[in-house]
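K.L.:
Can you look at this prediction? I've put the sequence above it.
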Amino acid sequence: MSFLSIEFTVFWLCFLVLYWSMGQFPRHQNKLLLMTSLALLYQINGFFMAAVVGFAALIFLIARKIVKHSHTQYKKRWLRVGIFISLINLAFFKYFDFFSADVKTWIQSDLMDIIMPLGISYYTFQAVAYLVSLYKQEHHLRLSFPNLLLHLSFFPTITSGPIIRAGEQKSILGAQTGISAQLNSHQARYMVRPALAISLILLGVVKKWWLVSALADNWVNPVFENPLQYDGLSVLAAIYGYTFQLFLDFSGYTDLVVGLAMLLGFQLPQNFAMPLIAHNLRDFWERWHMTLSAWIRDYVYIPLGGSRAGFTRTQINVLLAMTLSGIWHGYGWNFLLWGLLHGVGLVLLNVADRKFGREAVLRRITFGKLFGILTTLSFVSATFVVFRTQSLEEVRLMFVALFGGGQGWGVPDLSVVLLLTIFVLTLCTYRLLVWGFNWAVGALERLPVYLWFMPISLVLLFLLIVAPSGIPGFIYAHF
């Protein structure tokens, strides 16, 4: 059931009424959330529900072992068992297709296809973070089995995150609330800033249903499918367009689920902080998919040694962490190469900082920060070509067409010029757009609640006019 469907809208409105009828009893609300999350998983595929229940049971038992033992070696042993089981479970389902053909040949038999459980990447990462927190003696974060299962299967976030931790997590926005205190609290819940929540939901729907669909259908998909049929400027617009499409798709999903969670009384971590105006690659990764970036930093990069073992080892750790980030997205060579390219980019940035001083290069250039934004966005967009394509030949064709090997660099189409102009104006007014959204939220909060239907109806009417037919899927639901 898509979050953008009429069916989900009807379900959600009925669910909210039932949920808030238990407003004074958060434990009953948790039970309702858990039953609903499992029922929605079962509706998609009964195996998805069984997979998360079985996995949560194992994590719960291992968590008890970690908390029970006072000796550090025993705790570490059980933590390693938990991490090993989590990663093996993830790797088996996520990368089974990579070796399934060889297995079928080896055993000389057709092997039943194995479906990857929905959300396995996200709830695996959340489970690892939970076990590490308990190992660090943060026992106040301990969850009962029902609450742990709810943490891992929470229906707004299981498809595409954000990655929620039991305890606080830090980003450039500061500390963000963990889920354990919210689930374990006995105090009555309340909706978190309903005007902001509804505005985020509407913003997410606008991004996903209108802007992403328009970009994908009219520019990105046609060019990526047949790049040699287009001139270089059209290919350039499609390359930048895919970056905007991916950002709008994923941030739109995040806006939507954060808003839904706020209406349930939960605060989820923010996942994006204006990444398209990042002035270098390090800044980009502090702003893009922040919950994943922070997870990789805390549970991959730092355990590898972080920056504690000298400059050279630090760069190796950066390269390994980013390569693993690429592999997390899937088993294809393109994800590995994409992660490796970003790792190399970060290493080169660190080398430049060491030689010339942190960001000294940008300070020496006129309009240095603007140059940094353009360079970073161009690098990110170029590497997303690798991310989107399925073979090196497809990548080669895109860049051949970009440099005029398709239809050359003739007289540009007016629509392409208009699209690139919109991209530039969006970047130049990015902060103004964010300010405008916050102003709109404030205006809605000042409006009497009984009049909220008026602006909400206007937005929905606008969407019905401009949005294409059909219900689009979310790109990151595949990772």
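P.N.:
Cool, the structure landed.
K.L.:
remind me which residues of the stretch 51-200 of the chain are low pLDDT?
P.N.:
Flagging of the stretch 51-200 of the chain using pLDDT under 70 yields the residue ranges 96-115.
K.L.:
which residue ranges form the strands in it?
P.N.:
169-171, 174-176 (DSSP state E, counting those that start in this stretch).
K.L.:
Now name the helix or strand holding residue 24.
P.N.:
In the assignment (DSSP states H and E), residue 24 maps to no helix and no strand.
K.L.:
Single out the most deeply packed of the strands of the stretch 51-200 of the chain.
P.N.:
Each of the strands of the stretch 51-200 of the chain was assessed for mean neighbour count using mean count of other C-beta atoms under 10 Å. The highest is strand 169-171, with a mean of 17. All C-beta atoms are positioned from the backbone trio N, CA, C, and that covers glycine.
K.L.:
Direction included, what does it pair up with?
P.N.:
Within its sheet, strand 169-171 is paired with strand 174-176 (antiparallel), according to DSSP bridges.
K.L.:
what bits of the stretch 351-479 of the chain have low per-residue confidence?
P.N.:
Low-confidence segments of the stretch 351-479 of the chain, defined by pLDDT under 70: 360-361, 363-366, 470-479.
K.L.:
The same query, at a cut-off of 80, please.
P.N.:
Along the stretch 351-479 of the chain, the model assigns pLDDT under 80 to residues 356-368, 406-407, 410-412, 467-479.
K.L.:
What ranges does it have for its helices?
P.N.:
Using DSSP state H, counting those that start in this stretch, the helices of the stretch 351-479 of the chain run over 360-363, 368-388, 392-402, 414-428, 430-446, 453-466.
K.L.:
So for residue 82, which of these sits nearest?
P.N.:
Proximity to residue 82 (C-beta to C-beta) singles out helix 368-388 among the helices of the stretch 351-479 of the chain, at 30.8 Å.
K.L.:
Restricting the selection to alpha carbons, write that closest one to CSV.
P.N.:
The C-alpha coordinates for helix 368-388 follow below in CSV (Å, rounded to 0.1, in the frame of the first residue of the first chain):
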residue,chain,number,x,y,z
GLY,A,368,35.4,30.3,-3.8
LYS,A,369,32.3,29.0,-2.1
LEU,A,370,30.2,29.3,-5.2
PHE,A,371,32.9,27.5,-7.1
GLY,A,372,32.9,24.8,-4.4
ILE,A,373,29.2,24.3,-4.6
LEU,A,374,29.3,24.0,-8.4
THR,A,375,32.2,21.6,-8.3
THR,A,376,30.7,19.4,-5.6
LEU,A,377,27.3,19.2,-7.3
SER,A,378,29.0,18.4,-10.6
PHE,A,379,31.1,15.6,-9.1
VAL,A,380,28.1,14.2,-7.2
SER,A,381,25.9,14.3,-10.4
ALA,A,382,28.6,12.6,-12.5
THR,A,383,29.0,9.8,-10.0
PHE,A,384,25.2,9.3,-9.9
VAL,A,385,25.5,8.4,-13.6
VAL,A,386,27.4,5.3,-12.4
PHE,A,387,24.8,4.8,-9.6
ARG,A,388,21.9,4.7,-12.0
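K.L.:
And it, how far out from the chain middle?
P.N.:
Computed by C-alpha atoms, centre = their mean, to the nearest Å, the chain-centroid distance of helix 368-388 equals 19 Å.
K.L.:
Buried residues, it. List them.
P.N.:
For helix 368-388, a neighbour-count test (16 or more other C-beta atoms under 10 Å) marks 372-373, 376-377, 379-388 as buried.
K.L.:
burial measure for residue 255, as a count.
P.N.:
25 (other C-beta atoms under 10 Å).
K.L.:
and it, what does it touch?
P.N.:
Neighbouring residues of residue 255 by C-beta atoms under 8 Å, 6 or more residues apart in numbering: 200-201, 203-204, 207.
K.L.:
Tell me the one among the residues you listed nearest to residue 270.
P.N.:
Distances from residue 270 to the contacts of residue 255, taken by C-beta to C-beta, are shortest for residue 200, at 10.4 Å.
K.L.:
What is the neighbour count of the closest residue in space to the closest one that isn't next to it in sequence?
P.N.:
Nearest residue to residue 200 in three dimensions, chain neighbours excluded: residue 259, at 3.5 Å (C-beta to C-beta, 6 or more residues apart in numbering). Neighbours of residue 259 under the rule other C-beta under 10 Å: 24.
K.L.:
Identify the residues contacting residue 142.
P.N.:
The contact partners of residue 142, by C-beta under 8 Å, 6+ apart, come to 63, 67, 134, 180.
K.L.:
separation between it and residue 197?
P.N.:
Note on residue 142: its distance to residue 197, by C-beta to C-beta, to the nearest Å, is 29 Å.
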